[in-house]
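1. turn this into a structure:
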Amino acid sequence: MALSNHNAIDFNLFEPKAPTGEDKIRLSDLDYYSRKHMPPCMKTLYTALKNQHHLKHYGRLQLGLFLKGVGLTLDESLRFWKSEFTRKSDIDADKFEKQYAYNIRHSYGQEGKRNDYKPWNCAKTINLTQPGPGEYHGCPFKTFNDDTLV
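-> Presented below is the predicted three-dimensional model:
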């Protein structure tokens, strides 16, 4: 069947804006959305975080800005990361505050230059440095082998 009505196809290639109001994802719904609606790169990072209770720098940035973009507030984001990181025996609440909370607040524009950082688009994600051992950032279609993608 030929496509005679191209108006029925959504060719919108622009980056979506962060949800507002009721469209925002709440922290309590994050596990549900991670299973059904996250892109492969975010699902990979989210799964690694849930399994290992830690992500290295680029993984934290990539996932953290995505979560900000889908609507997590700064407070929700701090609670989310703290709850995951403190599940590791070598990170307590004090260590989390000293070593990780600043960067989360920075990504929300509350520290440092006070920039409003946006989630990374696919082009930026694809062009990140190649993940090393224990890293999960980047685009799975670029970094995973064929067996891992299946």
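
2. only C-alpha atoms from now on, for both contacts and neighbour counts.
-> Noted.

3. so where's the protein uncertain?
-> The chain contains residues with pLDDT under 70 at 1-23, 150.

4. and the residue sitting nearest the centre point of the chain, how far from residue 137?
-> Among the residues of the chain, residue 63 comes closest to the average C-alpha position under C-alpha atoms, centre = their mean, at 1.8 Å. If you measure residue 63 against residue 137 using C-alpha to C-alpha, to the nearest Å, the figure is 8 Å.

5. could you do residue 120 as well?
-> 11 Å.

6. need the overlap of contacts for the two.
-> residue 62 (C-alpha atoms under 8 Å, 6 or more residues apart in numbering).

7. those two: who's more crowded?
-> residue 137 (27 against 16; other C-alpha atoms under 10 Å).

8. could you say which helix or strand contains the more buried one?
-> Using DSSP states H and E, residue 137 sits in no helix or strand.

9. which residues does it contact?
-> 41, 45, 58-59, 62, 125, 128, 131.

10. same question, residue 142
-> Counted by C-alpha under 8 Å, 6+ apart, residue 142 has contacts residue 126.

11. buried sites along the host helix or strand of it?
-> Using DSSP H and E, residue 142 sits within helix 140-143. By neighbour count on 16 or more other C-alpha atoms under 10 Å, the buried set for helix 140-143 is residue 140.

12. repeat for stretch 99-111
-> 100-108.

13. return the distance of the residue lying closest to residue 25 once chain neighbours are set aside relative to residue 124.
-> The shortest distance from residue 25 to any non-neighbouring residue, by C-alpha to C-alpha, 6 or more residues apart in numbering, is to residue 71 (5.4 Å). With distances taken as C-alpha to C-alpha, residue 71 is found 21 Å from residue 124.

14. look at those two and report which has more neighbours.
-> For residue 71 and residue 124, the more surrounded residue by other C-alpha under 10 Å is residue 71, and the numbers stand at 21 against 12.
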